[in-house]
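> build me a structure from this.
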Amino acid sequence: MAAYTIRDIAAALGAEPLGAADFLVCGVAEPANAGPDDLALAMKPEFAEGLAKGQARAAIIGAGMDWQALGLEAAIVAPRPRYAMAGVTAAMDPGPAITPGIHPSSIIAPSADIGDGAAIGPFVVIGPGAKVGANARIASHVSIGENAVIGDDALIHEGVRICHHVRIGNRFIAQPGAVLGGDGFSFVTPETSMVEQARATLGKAENAATDQSWTRIHSLGSLVIGDDVEVGANAAIDRGTIANTEIGDGTKIDNLVHIGHNCRIGRDCLICGQTGFAGSVQMGDRVVLGGKCGVNDNIVIGNDVVAAGSSKLYTNVPSGRMIMGDPAVKMDTHVEMYKALRRLPRTARIVNELQKALSKPKDTP
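Residues are numbered from 1 along each chain as shown. Sure, this is the predicted structure:
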């Protein structure tokens, strides 16, 4: 098991070690569950209370906390605790154990180009003309399609499917079961469908339904993913119909997210679990969408938008707006609407009493 000194961890965080800087820790733990070789995460006073229940001798603490009074031998002060957690967990995460080189059970096309230092696990299939960058780590049962390109230092977990002609940048991470570059959900009927009528008339169409079948529109575009992107487990991102679907640098996509064909997602966005995009959405940079958000097709979302969980975005959203609800409106507006909704039963009773008073004035005291 790897061990790390308090001094080295502090240096990685840009912080100063306190106490026994050469003290060795082998892992991180919550204070109450920490062993004598763990680094306890006690960045708030309420967390530090758990130190008395555990055995930790070293901890990350928050600004202004007295490490000696907490009975510690060593400590690191974290002005921004959650950011410190990112650095600590990165330093202590060895990642999956993938043996360097190419496992003999893998099937790699002769024309595929595998970069130096790549580690390819069991039962991986890499198609003709595909390129895998240097130091890539590819776990078992991954498939990489024809002419797909993956940059340097990628980490592809078990069962990921990267389809033909998909292009991915450097330092990419895909969690188990992600599907990248499947065909878009594009179908059309020979004549105007009821869906088109409903959309054009907002549900007032009077024409009878036509007996007709759906015809596939094939996806000729691809999927282009930038640098430092992460895609969660069982997420699915469709390729474009004619133009490419695009995911910008630094964007993080959670489990079970679906991004439809032709979408263009900006840089450093955060898209939380079970969010779904219909096709042809244009989204700016640094947008955060909470879990279970729904995004209508062909809308534009500006930069720095924040949408609360379960929000439904049906129309364009200007940059910098914080939204909430179904349909999504400004957060403060949604709160006022919710307050009014909760008052509806009382308001209905008042209106009912007023109606009785007007209709039967003699019976009203």
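> excluding chain neighbours, what is closest to H261?
G184 (2.6 Å; C-beta to C-beta, 6 or more residues apart in numbering). The way it works is simple: take the backbone N, C-alpha and C, and place the C-beta from them, glycine included.
> show the pLDDT at the one you found.
Looking at G184, its pLDDT stands at 96.
> show me what contacts it?
I217, S219, D238, R239, G240, T241, T245, G260, H261, N262, G279 (C-beta atoms under 8 Å, 6 or more residues apart in numbering).
> pLDDT at the fourth one, what is it?
So that's R239. pLDDT at R239 comes out at 98.
> among the contacts of G184, which ones are buried?
S219, D238, R239, G240, T241, T245, G260, H261, N262, G279 (16 or more other C-beta atoms under 10 Å).
> if I look at I6, how far off is M92?
13 Å (C-beta to C-beta, to the nearest Å).
> again with G260
37 Å.
> cool, P45 as well?
P45 is 24 Å from M92, by C-beta to C-beta.
> neighbour-wise, which of the two wins?
Using other C-beta atoms under 10 Å as the criterion, P45 and M92 rank with M92 on top: 15 against 12.
> need the contact list for that one.
A2, Y4, G27, V28.
> now the end-to-end length of stretch 149-166.
6 Å (C-alpha to C-alpha, to the nearest Å).
> which parts of it are buried?
Buried residues in stretch 149-166 (16+ other C-beta under 10 Å): 149-166.
> same question for stretch 45-53.
F47, A48, G50, L51.
> ok, which pair from the contacts of G184 is furthest apart?
I217 and T245 (14.5 Å; C-beta to C-beta).
> where along this protein do the helices fall?
If DSSP state H is used as the criterion, the helices of the chain fall at 6-13, 45-48, 81-92, 194-201, 331-342, 344-359.
> how about low-confidence regions in the stretch 1-150 of the chain?
For the stretch 1-150 of the chain, applying pLDDT under 70 flags the ranges 1.
> again, only this time at 80
Residues of the stretch 1-150 of the chain meeting the criterion pLDDT under 80: 1-2, 81, 91.
> these two touch, right, L270 and G290?
No: assessed by C-beta atoms under 8 Å, L270 is found out of contact with G290, at 9.1 Å.
> these two: who's more crowded?
When neighbours are counted by other C-beta under 10 Å, L270 and G290 differ, and G290 comes out ahead with 19 against 15.
> how is this structure divided into domains?
4-92, 102-331, 332-363 (automatic domain parsing).
> start to end distance for the second one?
Its start and end residues considered, domain 102-331 measures 52 Å (C-alpha to C-alpha).
> distance from that domain to the middle of the chain?
11 Å (C-alpha atoms, centre = their mean, to the nearest Å).
> repeat that for the last one.
From the chain centre to the centre of domain 332-363 is a distance of 42 Å (C-alpha atoms, centre = their mean).
> alright, I will stop here.
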